[in-house]
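Participant: Sequence and predicted structure are below.
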Amino acid sequence: MTYYLNNISQKKGGQQILKKVNLSINDNSIFAILGPSGSGKTSLLNILARIDHPTAGTFTGDNEQKPKGIMVFQDYRLFPHMTVFQNIVFGLKIKKIKKAEIRQRAERIMMTMEITELAKRYPDELSGGQQQRVALARALILNPSLLLMDEPFSSLDEGLRMEMLDFVKKLQQQFKLTVIFVTHYKTEAYLLSNQVAILINGQIMQIDTPRKLEQTPANLAVAKFLGQANFIQGSFQQHQFVSSIYTGDSDFRGTGPVKEATLYIPFVGSIQLATTAFSAFNGEIIGITWIGDSERVTIAVGSEIIYLNLPVDSVQINTKKQFYFKRLPVVY
Ligand SMILES: Nc1ncnc2c1ncn2[C@@H]1O[C@H](COP(=O)(O)OP(=O)(O)OP(=O)(O)O)[C@@H](O)[C@H]1O
């Protein structure tokens, strides 16, 4: 089933929290929603789980069906007085399913989640990663077609987070799930999905592949949220782009008044050291820090300071160098 979010808006306490959110989400896939803290991610998922209502708009499936997602929360929300097994089967018990079937389904799901040996433990006897596996098992035992994951791994350490992301991908394929995964870590979103929606201030700003988001952010708000970039104020004046580090030709063919724009120069992938069509700026290398797979290079360009991640040993300290844009990187 394809899921459709049609013009979903929500107001709370006089504040507009979601503004006309439109998304269509394909069956049997992982869709990531990426946004800063307070952008409305949880509010949106609560609506998709039918825990809350939108002020306007609808959430439908094909044939106008009313789908309901099952949530997995950041803070697990396990029942502390129940064992792992009791937590997992809780949802089936209240559906009055037969005991033998409950046991069979629980055993199968615990095996998949690699938590069989934890069945008799209580939540406070589990690590964060184990608790999240139990929370996932509790959701999956209900055979959901739509799984809603609200920053499920943000309290886990980096290594475990990466492991859990791989696990989610495996589960998605095994159970043919549709997963909506909400996060404020872009690496998580990029690792999970080739379709990422950026939510800022309750508004979907862009839906794209990770590569397109990084290379061509839809606006300055998206570019700033994605971060790891230099931002230089400038403007188009006739056919020229004018800024403190680069003034020259652009393909902008505006007439009339000056148009403000910002040069968006990501640390990675925006600059070449060899000549291309857009000649760019001269800078002096004033700092080089080794950061593993590359060097963070500090460049003085007039009174501006620019940071770039360049291949190891590609520039020398205290030398001057010319840098070339791959294309004139402008955002509004
Ligand atoms: N009951 C409420 N009344 C008024 N404002 C609310 C209410 N619940 C949430 N908000 C506001 O709505 C906005 C969105 O909150 P929400 O929790 O959906 O964001 P989020 O992106 O999930 O944030 P985080 O990543 O920090 O969990 C925030 O500005 C929040 O303060």
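Facilitator: Sure, I can see it.

Participant: To what extent is the closest residue to the ligand within the stretch 201-332 of the chain buried, counted in neighbours?
Facilitator: Per CB to the nearest ligand atom, Gly202 is where the stretch 201-332 of the chain lies closest to the ligand, at 6.9 Å. Quick note: C-beta positions are derived from backbone N, CA and C, even for glycine. Neighbour count of Gly202, defined by other CB atoms under 10 Å: 23.

Participant: who are the neighbours in contact with it?
Facilitator: Counting by CB atoms under 8 Å, 6 or more residues apart in numbering, Gly202 touches 10, 16-19, 21, 39-40, 43.

Participant: Swap in 7 Å and give it another go.
Facilitator: By CB atoms under 7 Å, 6 or more residues apart in numbering, the contact list for Gly202 reads 16-19, 39-40.

Participant: Buried ones among those?
Facilitator: The neighbour-count criterion (16 or more other CB atoms under 10 Å) marks 17-19, 39-40 among the contacts of Gly202 as buried.

Participant: Tabulate the residues you listed in JSON lines, adding columns for pLDDT and distance to the ligand.
Facilitator: Output for those, formatted as JSON lines (pLDDT from 0 to 100; distance: CB to the nearest ligand atom, whole Å):
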{"residue": "Ile17", "pLDDT": "97", "distance to the ligand": "4"}
{"residue": "Leu18", "pLDDT": "98", "distance to the ligand": "8"}
{"residue": "Lys19", "pLDDT": "98", "distance to the ligand": "11"}
{"residue": "Ser39", "pLDDT": "97", "distance to the ligand": "4"}
{"residue": "Gly40", "pLDDT": "97", "distance to the ligand": "4"}
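
Participant: Next to the ligand in this structure, residues from this structure, please.
Facilitator: 12-13, 15, 17, 35, 37-43, 184 (CB under 6 Å from any ligand atom).

Participant: Strands - which of the residues you listed land there?
Facilitator: 12, 15, 17 (DSSP state E).

Participant: The first one and Lys99: what is the separation?
Facilitator: Same thing as Lys12. 42 Å (CB to CB, to the nearest Å).

Participant: How about the last one?
Facilitator: Ile17 is 43 Å from Lys99, where distance means CB to CB.

Participant: cool, and Leu142?
Facilitator: From Leu142 to Lys99 the distance is 17 Å (CB to CB).

Participant: Looking at these two, which is more packed in?
Facilitator: Between Leu142 and Lys99, counted using other CB under 10 Å, Leu142 has the larger neighbour count: 13 against 10.

Participant: since we're on Leu263, how many residues are nearby?
Facilitator: So Leu263, with other CB under 10 Å, has 24 neighbours.

Participant: oh, and call the first residue 24 from now on, that's how I've got it
Facilitator: Understood, numbering begins at 24; the last thing we discussed is Leu286.

Participant: helix/strand/coil for it?
Facilitator: What DSSP: H, G, I helix; E, B strand; the rest coil gives for Leu286 is strand.

Participant: show me what contacts the closest residue to it other than its chain neighbours?
Facilitator: Closest residue to Leu286 apart from its sequence neighbours, by CB to CB, 6 or more residues apart in numbering: Ile255 at 4.1 Å. With contact taken as CB under 7 Å, 6+ apart, Ile255 is in contact with 266-268, 285-286, 327.

Participant: So which helix or strand of this protein has the lowest pLDDT on average?
Facilitator: Lowest by mean pLDDT, DSSP states H and E among the helices and strands of the chain is strand 353-354, with a mean of 78.

Participant: Parallel or antiparallel, list what pairs with that one.
Facilitator: Here strand 353-354 is paired, per DSSP bridges, with strand 282-289 (antiparallel).

Participant: Work out the gap between the partner strand and the centre of the chain.
Facilitator: 23 Å (CA atoms, centre = their mean, to the nearest Å).

Participant: quick check: mean pLDDT across it?
Facilitator: For strand 282-289, mean pLDDT is 88.

Participant: which of the residues in that strand are buried?
Facilitator: Here strand 282-289 shows 284-289 as buried, counting by 16+ other CB under 10 Å.

Participant: So Glu186 lies in a helix, does it not?
Facilitator: Yes. The assignment for Glu186 is a helix, going by three-state DSSP.

Participant: For the closest residue in space to it that isn't next to it in sequence, what is the enclosing helix or strand?
Facilitator: Nearest residue to Glu186, sequence neighbours excluded (CB to CB, 6+ apart): Gly152, at 7.7 Å. Element membership of Gly152 [criterion: DSSP states H and E] is helix 151-163.

Participant: show me where the stretch 24-173 of the chain has strands.
Facilitator: Shown for the stretch 24-173 of the chain, the strands assigned by DSSP state E, counting those that start in this stretch span residues 26-35, 38-48, 53-57, 79-84, 93-95, 169-173.

Participant: With distance to Leu215 as new columns, can those be given to me in TSV?
Facilitator: Conversion of those to TSV gives the following (distance: least, CB to CB, whole Å):
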stretch	distance to Leu215
strand 26-35	17
strand 38-48	13
strand 53-57	5
strand 79-84	21
strand 93-95	14
strand 169-173	9
